[in-house]
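Asker: Next comes the sequence, and after it the predicted model I'd like to discuss.
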Amino acid sequence: MKKKEPVSTIMTRMIHKVQINDKLSHALELVRKYGVRHIPVIQDKQLVGIISKTDLNRLTFSTMFDGEEDVDETVFDMLTISQVMSHKPRVVKASDTIYQAAKILSKEEFHALPVVDDKDESQLIGIVTTTDVIQYMLKQY
């Protein structure tokens, strides 16, 4: 197993992200359309938060009861991304090791880490998830 493999080798580079002022329903649309589970939240070009599929699912009722789509729309219109997202998410640098990311993910209650540029930590360049780490580990066997 390569112990010093950088996160940049397994991170997802094509990131679906939302601006903090976007409608909350836009985040839900990205989750449904692209099957992503974590969406970084940007203000201008600065990472300010992350919103997960779980965060959004907690707000939906239509999957539990038939004909409740209007309730979902109302809830999503009432709330903002800023009210639902996790603020100031923990990040890793592109050169941090997969081991370091795995250690963080194993001890925390979240399942994704935004990846920032080594020289400019305000620059979001990717995302690494528990799934990425598990798939990497499985390839080692």
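Answerer: Ah, there it is. Numbering: from 1, shown residues only.

Asker: Residue 118 contacts residue 92, doesn't it?
Answerer: No. Taking C-beta atoms under 8 Å as the definition, residue 118 is not a contact partner of residue 92, at 10.4 Å. To be clear about C-beta, it is placed using only N, CA and C from the backbone, and glycine gets the same treatment.

Asker: So between the two, which is more surrounded?
Answerer: More neighbours surround residue 92 than the other of residue 118 and residue 92, with 23 against 14 (other C-beta atoms under 10 Å).

Asker: Now for the more buried one: which residues touch it?
Answerer: 7, 100, 101, 104, 113, 114, 115, 116, 128 (C-beta atoms under 8 Å, 6 or more residues apart in numbering).

Asker: Go again with 10 Å.
Answerer: Listed by C-beta atoms under 10 Å, 6 or more residues apart in numbering, the contact partners of residue 92 are 6-8, 11, 98, 100-101, 104-105, 113-116, 126-128.

Asker: Ok, residue 91 next?
Answerer: The contact partners of residue 91, by C-beta under 10 Å, 6+ apart, come to 40, 47, 50, 104, 113, 114, 115, 116, 121, 124, 127, 128.

Asker: distance of the third one from residue 40?
Answerer: From residue 50 over to residue 40 the distance is 5 Å, taken as C-beta to C-beta, to the nearest Å.

Asker: Run through the helices of the chain in chain order.
Answerer: 24-34, 53-57, 69-78, 81-84, 98-107, 130-139 (DSSP state H).

Asker: okay, those helices in TSV with distance to residue 15 next?
Answerer: Putting the helices of the chain into TSV (distance: least, C-beta to C-beta, whole Å) gives the following:
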stretch	distance to residue 15
helix 24-34	10
helix 53-57	15
helix 69-78	22
helix 81-84	16
helix 98-107	16
helix 130-139	13
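
Asker: Beta-bridge partners for residue 92, please?
Answerer: Beta-bridge pairing for residue 92 (DSSP bridges): residue 115.
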